[in-house]
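Visitor: Below are the sequence and a predicted model; questions follow.
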Amino acid sequence: MKSAQQTPKTGKVYLVGAGPGDIELLTLKAARLLAEAEVVLIDDLAGSEVLSLCPQARIIHVGKRGGCKSTPQLFIEKLLVREALAGHKVVRLKGGDVSLFGRASEEFAALEAAGIAFEVVPGVTAGLAAAAELKASLTHREHAHGVAFITAHGAEGAEIPWQALAQSALTLVVYMGVTRAASLQASLLGGGLRGDTPVIAVENAARVDVRSVCSTVATMVEDFARQTLKSPAVLVIGEAMRERAVQLAGQATEDSLSANTKIASVA
């Protein structure tokens, strides 16, 4: 007697936030899922170091970075569906947090449409990592009672309420703002934000090559160009940053004076 043909078991997808690049900022759950994964689809910004946690998995690089050749979003969604339908335990590893500016909603919709079970595992977003690097509170009780996470995409359009944000007294954490610094500056100033409002850019937050650049809304374009600021970087804007910006500017001056003194003494 022939045995009844079994229906292949559908796998499951875990959308996991990898954090800003420091492997120690992964959650315990993220590390466990990576150790159990059969397939891992990883973004460029997730950092290659995390792959040491999943040597057993088949790795598929699906990088998406501004100004670089990127994997089409529709192709990523098809890969997720295909691998899950093949019965695999799939980890979709995204830089930062899954729900912030990672087009996760499109992947949710694709998985739901295909009837595939999925789970979301949050991660440390770059904006919080930047605040940690700066040792600054995003919600200073005297200056900012809230924080807004914003993408600089569309800074020249009407879809982002810049005037309301400029007048909100919130700390603004802007992602993908380096290459759009000029349009972002114009939008903020046009929205009524004071030109002397502090801006601190943090490049490669939580990584070994992290660095920060202090500026203001009025001078950010020139300062970022002079310091050759590059992505990935987040911009932290608002009065909550003023004290820290003054401290960092003072430290930079001290370092410069110290370096000049050493040069003079050698000469």
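Guide: That came through fine. Numbers count the residues shown, from 1 in each chain.

Visitor: hey, let's count contacts and neighbours off CA atoms from now on
Guide: Fine.

Visitor: shouldn't residue 130 be in contact with residue 234?
Guide: Yes - contact status for residue 130 versus residue 234: in contact at 7.2 Å, counting by Cα atoms under 8 Å.

Visitor: So for those two, which residues contact both of them?
Guide: residue 202 (Cα atoms under 8 Å, 6 or more residues apart in numbering).

Visitor: Tell me the secondary structure of residue 234, please.
Guide: Using DSSP: H, G, I helix; E, B strand; the rest coil, the secondary structure recorded for residue 234 is strand.

Visitor: And residue 169, by the same measure?
Guide: coil.

Visitor: same question, the one 4 residues further on
Guide: When the structure is reduced to helix, strand and coil (three-state DSSP), residue 173 reads as strand.

Visitor: Just give the closest residue to the residue most central in space within the chain, not the sequence neighbours.
Guide: Geometric centre of the chain, nearest residue: residue 126, 4.1 Å, by Cα atoms, centre = their mean. Nearest residue to residue 126, sequence neighbours excluded (Cα to Cα, 6 or more residues apart in numbering): residue 20, at 5.3 Å.

Visitor: what residues are up against that neighbour?
Guide: 45-47, 95-96, 124-126, 129, 204-207.

Visitor: Just the closest of those residues to residue 140, please.
Guide: Taking Cα to Cα as the measure, residue 140 sits nearest to residue 129 out of the contacts of residue 20, at 16.6 Å.

Visitor: so that closest one sits right up against residue 203, yeah?
Guide: No - look at residue 129 against residue 203 with Cα under 8 Å: they stay out of range, at 10.6 Å.

Visitor: Can you show me the strands along this protein?
Guide: Along the chain, counting by DSSP state E, strands occupy 12-17, 39-42, 58-61, 89-94, 117-121, 147-151, 171-175, 198-203, 211-216, 233-237.

Visitor: For residue 247, which of those strands is the nearest?
Guide: strand 211-216 (10.0 Å).

Visitor: got a list of contacts for the closest one?
Guide: Residues contacting strand 211-216 (Cα under 8 Å, 6+ apart): 195-205, 223-224, 227, 229, 245, 248-249.

Visitor: Can you select the buried ones from these in PyMOL?
Guide: A single PyMOL command selects the buried members of the contacts of strand 211-216 (16 or more other Cα atoms under 10 Å):
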select buried, resi 197+198+199+200+201+202+203+204+205+224+229+245+248
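
Visitor: show me the contacts for residue 153.
Guide: 176, 177, 180.

Visitor: go on, residue 47?
Guide: Counted by Cα under 8 Å, 6+ apart, residue 47 has contacts 20, 21, 22, 95.

Visitor: let's see it at 7 Å
Guide: residue 21 (Cα atoms under 7 Å, 6 or more residues apart in numbering).

Visitor: Report the separation between it and residue 169.
Guide: 34 Å (Cα to Cα, to the nearest Å).

Visitor: Likewise for residue 30?
Guide: In terms of Cα to Cα, residue 30 sits 35 Å off from residue 169.

Visitor: do residue 178 as well
Guide: Distance from residue 178 to residue 169, by Cα to Cα: 22 Å.

Visitor: do residue 136 as well
Guide: 16 Å.

Visitor: Surely residue 146 touches residue 165?
Guide: No - contact between residue 146 and residue 165 fails when scored by Cα atoms under 7 Å: they sit 11.2 Å apart.

Visitor: Who has more neighbours out of the two?
Guide: When residue 146 and residue 165 are compared for neighbours, residue 165 comes out ahead with 18 against 14, by other Cα atoms under 10 Å.
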